[in-house]
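K.L.:
Have a look at this prediction, sequence included:
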Amino acid sequence: MKIPYFPGCTLHSKARGLDETTRGSLAALGVELVELPEWTCCGTVFPLAQDNYIGMVAAARILANAAKMEGGKLATVCSFCYHVLKRVNYAIKNNSEARKKLNDYLEENYGGEIETIHPLEICKEIIGLDAIREKLKRKLKGLKVACYYGCMLVRPAAEMNFDHPENPTIMEELISALGAEVVEYPGKTTCCGSYQVLNDMSLVKQKVKEILYSASARGAEAIITSCPLCQFNLDWMQEKLAEENNGFSKVPVLYFTQLLGLTLGLPEESLRLGEHYVDPKPLLLGA
Amino acid sequence: MYTQEMQEAIKIVEQTRERRLKETFPRLKPEEKENLLRSYHPDYKPDATRVVKVGPNKGDKFTHEHADLLESRSMLDPDTFSLDNIDFDVDVLVIGGGGAGTSAALLAHEAGAKVMIATKLRHGDANTMMAEGGIQAADKENDSPAIHYLDVMGGGGFYNIPELVAALVLDAPLCIQWLESLGCMFSKFPDGTMHTIHGGGTSRKRMHFAHDYSGAEIMRTLRDEARNRGIPVIEFSPAVELIIDEYGQCAGAVLYNLETEQFLVVRAKTVIIATGGSGRLHIGGFPTTNHYGATADGIVMAYRAGAKLIYLDATQFHPTGVAFPEQIVGQLVTEKVRGLGAQLVNAEGEQFIYPLETRDAVSSAIIRECKERKKGITTPSGMQGVWLDSPMIDIIHGKGTIERELPAMFRQYKRFNINMAEQPILVYPTLHYQNGGILINDKAETSIPNLYVAGEASGGVHGRNRLMGNSLLDIIVFGRRAGMNAAERAKSVKLGRLTLDHVKRYHEELRKEGLGQKVAPILLPDYRGKISG
Amino acid sequence: MAEERKMVNIYIMGKHYKVPYGLTIMKAMEYAGYRFVRGCGCRGGFCGACGTVYRKPGDFRLKVGLACQTMVEDNMYLTQIPFYPANKATYNLEELTPTLSTILQYYPEVTRCLGCNQCTRICPQELKVMDYIAAAQRGDIEKVAHLSFDCIMCGLCASRCPAEIVHYNVAILARRLYGRHIAPPAKHLAKRVEEIKAGKFDEEIQKLMKMNKEELQKLYNARDIEP
């Protein structure tokens, strides 16, 4: 089947690995992601003020463009893009004031008909975990993996309606289907500090430290996420943490799609494992 | 949008299209072409020209429109105008901000000269910007500069000056490579091979292009580069007279700021005239494809200073100017339309000329078809034209070709509700190019020391008829040569006292002939209160 | 133009004129008595000098056209925008890399795009201006180059942008980056340039230069023509 797809800017620059493994993995599972012919930045941040419609126009237009394609859905994997698109769609669908204001600035009318969908949901609800198990070329036998959601995928719960806002499990279900051993830890929906990395690095360092220690203490050998910014913060900060903390042991931070692609037998170069700060290759590809 | 009558006329074209797709109209034999030109080309109309009574070409024939300018007096009164206050002092002054001028400025800048551009309108307002079709260079395996040479000579009626043609064809690949290195987006195959097609009168496919924005792409790239290098450009300030020093060397120019109406004196060790053509003189009353400022200013100034002109009486009519809709009459329909396979068809749906004959021949054939054979199509405003069967292009090369390869053309017609991919377009010859101009040598030098000319203002390289794709080439080849040589020359120039003595002498000559009532250069055409223009 | 022409009312910068129906805005302004210095360049839709905006009574929408390519309409309130200040970065193309960081170094403001789409709406060339800025934001230089190729740099996009982006200057940077650093160089061209520099064709050209008209004519008439 075909599903319209919004990659997001970061997936065309810094997070190409997330883009390629998402498309590649789903293609191997029989779902073709069809990139929107024209798309802009989603806006990145959902406006804090409810009536700040200019911040929602870009996302509204992306959704309206998706509505012109076949399928009734729009897939996106970056947690930020997913968050913004889903909430703007929610606003258009449920808030008549927002719908009217936004449509005043759109070229064609849009009423919130699109269902925004995340590849985790595609895997679980459309393809099915059993079907995935059947297509695996290899299994992550005994690999101890901590799933990290951060904030954007799951909250606010009413609008995101993704999984449990404090204790989501959809990534764990997928990763155990791939043969990995799930590491349960309390930090999986703790904020990583997000774009505060630009303003207040010490804050982010503190948050990342909490998350990493929490996962490592429970034996995690790898952390997975669907967010390019979370991935960056958790990955890049480890060099500094190692300098400042004796005995800190680094742990690779991956996109969940990279592990999915690995088990589905995607070519090694398309997994783009070499683009992370903490090298995951010794762990995943063996010595 | 076509009228009901015109839509009926189009049906005839459609009826013959399938048959014509398989037909090739025979090319003209040399003597047939000769006869066609003599009988129908506007250059040969006996009342189109007159003898000029003053200046270096005294006794030669020119079109009335050019002669009027040459027999006019200066904007300046040489007895009272003061050159004492020098506003700009540079090594190289380039007059004209089109493709030739900007190429010259870039090369002069590269050679270390202090260079300045003065231009009448904005930087880039020039015929270069409007050139759609392409630029020739013999750079493919089956082609050579020698074959290109022969095409140029034949196209020009063998009147071309050999050393200029040699420079043109040998520099051509180098110039394309220079443009490529500046980031010009030529249309290419995925492996980098450039697309090349035929133009009228070419024996090899050597027309390089950038969709149908070839000139615009070159012009905006050169302009961007000049801006990056910080070359000063004085806009809305055309030169109105050259300055000659006491030793007879060209030593600068007087500019006229069109907005503040002040004169500015530029002293320069060398001067490059790159003022372009003269379509806005509307020679013979024809509409023109040219930009708003094409009024032969450089010709007028150089002539007064003593430079010889050559082939200025040879005017190029582009065979396919817009004949309908009325709003854009005279605007260019690029030769690439024929290069891609569209045929010229009369009211009976029949071809009457091989579409890629040289421009002078195709123009003459269209005029014959309308004026003598009465097989033209008449528009609501009373204009005549013949069909250019553009839908053939998509049939030959596949649907969507026109939109992809001729976006500017497609857009131009779409604005007036004509879809040229589905309906033929109506065309008639339009004034396009000044084949001759100020005589130069292969270093772009004139007979006046330190005065250089490049581009359409110059004469000799194209003989009496330029081939498509050789004017974009000309401006780059001779623009570069002028810039390089002028910068080199500037290093050793010692200027004397600045004068306008040549203008005094010229005014005296005019007075003796009872001429000089009008003022030239005219700088801009005047369409106030008129409907056409 | 023998027949009686219908006249329409236009308002040039608010001032009323009666002009013949069917003229372009440019010709109508000239008919009304204007002699352009600014606001008129090529008169053929290529130079971007004559960007014009207008409104019709009772319609809040701002409309746009090139004066040389747009027909006058009855009750058009129009003004030209012949110049609009623009930030133009200066760079040495040779030294640049065709990457997102180059775009962001010279034009960081592209990331301020709000997605309002006013640039696309005003573009007289009907280009997808906002979409090429979106492509610039993610470093897709090839896409910027192709989407912006028909740009005539009239500057109307920049006049409307709440993010103060100068779209057309971003676009020409991208096109030059593409032409110089992404599109593969033409090998046949490089080869021919080497041959010319080595003097391969000099002798042949010199021979032709010495020929008289008849000799040349004979060669010309006998030349084979590539089909």
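P.N.:
Here it is on my side, so go on.
K.L.:
And the one helix or strand residue C:176 maps to, what does it pack against?
P.N.:
Per DSSP states H and E, residue C:176 falls inside helix C:167-177. Judged by 3 or more Cβ pairs under 8 Å, 6 or more residues apart in numbering or on different chains; DSSP states H and E, the packing partners of helix C:167-177 are helix B:214-228, helix C:100-106, helix C:129-137, helix C:141-147, helix C:156-160. Backbone N, C-alpha and C define where each C-beta goes, glycine included.
K.L.:
List the buried residues in the shortest one.
P.N.:
When you say that, I think you mean helix C:156-160. Residues of helix C:156-160 classed as buried by neighbour count (16 or more other Cβ atoms under 10 Å in any protein chain shown): C:156-160.
K.L.:
Could you dump those into a markdown table with distance to residue B:159 and pLDDT added?
P.N.:
Formatted as a markdown table, these follow (distance: Cβ to Cβ, whole Å; pLDDT from 0 to 100):
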| residue | distance to residue B:159 | pLDDT |
| --- | --- | --- |
| C:156 | 45 | 96 |
| C:157 | 47 | 97 |
| C:158 | 48 | 97 |
| C:159 | 49 | 95 |
| C:160 | 52 | 95 |
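K.L.:
restrict those to contacts with chain B.
P.N.:
Among the buried residues of helix C:156-160, proximity to chain B is found for none (Cβ under 8 Å from any Cβ of the partner chain).
K.L.:
Compile those residues into CSV and extend it with columns for distance to residue B:115.
P.N.:
Converted to CSV, the buried residues of helix C:156-160 look like this (distance: Cβ to Cβ, whole Å):
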residue, distance to residue B:115
C:156, 32
C:157, 31
C:158, 29
C:159, 32
C:160, 36
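K.L.:
between these, which is closest to chain A?
P.N.:
Closest approach between those and chain A, by Cβ to the nearest Cβ: residue C:160, at 13.2 Å.
K.L.:
hey, which of the helices and strands packed on helix C:167-177 is tucked in deepest?
P.N.:
Greatest average neighbour count among the helices and strands packed on helix C:167-177 goes to helix C:129-137 (a mean of 26), per mean count of other Cβ atoms under 10 Å in any protein chain shown.
K.L.:
Packing partners of that helix?
P.N.:
Judged by 3+ Cβ pairs under 8 Å, 6+ apart, the packing partners of helix C:129-137 are helix C:118-122, helix C:141-147, helix C:167-177.
K.L.:
Can you get me a residue count around residue 176?
P.N.:
No chain specified, so I'll use chain A. Per other Cβ atoms under 10 Å in any protein chain shown, the neighbour tally for residue A:176 reads 16.
K.L.:
um, chain B though
P.N.:
By other Cβ under 10 Å, neighbour count at residue B:176 equals 26.
K.L.:
ok, then the element right after the helix holding residue C:176?
P.N.:
That would be, after helix C:167-177 and using DSSP H and E, helix C:187-197.
K.L.:
mind listing what's buried in that next one?
P.N.:
C:188-189, C:192-193, C:196.
K.L.:
Could you tell me how far the residue in chain C that chain A sits nearest to is located from residue A:68?
P.N.:
Per Cβ to the nearest Cβ, residue C:115 is where chain C lies closest to chain A, at 2.6 Å. Going from residue C:115 to residue A:68 by Cβ to Cβ, to the nearest Å gives 17 Å.
K.L.:
now do residue B:89
P.N.:
62 Å.
K.L.:
Please give me every residue in contact with residue A:10.
P.N.:
A:18, A:78, A:80, A:228-229, C:138 (Cβ atoms under 8 Å, 6 or more residues apart in numbering or on different chains).
K.L.:
Looking at these, point me to the pair that's furthest apart.
P.N.:
A:229 and C:138 (15.1 Å; Cβ to Cβ).
K.L.:
How are the helices of the stretch 1-150 of chain A distributed by residue range?
P.N.:
Using DSSP state H, counting those that start in this stretch, the helices of the stretch 1-150 of chain A run over residues A:16-28, A:54-67, A:79-94, A:96-104, A:119-121, A:129-135.
K.L.:
circling back: avg pLDDT for the helix holding residue C:176?
P.N.:
Mean pLDDT, helix C:167-177: 98.
K.L.:
repeat for stretch B:219-226
P.N.:
98.
K.L.:
before we move on, what about stretch C:202-222?
P.N.:
The model assigns stretch C:202-222 a mean pLDDT of 96.
K.L.:
so does the helix or strand hosting residue A:231 get close to chain C?
P.N.:
Assigned by DSSP H and E, residue A:231 belongs to helix A:228-244. No - Helix A:228-244 stays out of contact with chain C when judged by Cβ under 8 Å from any Cβ, the minimum separation being 12.2 Å.
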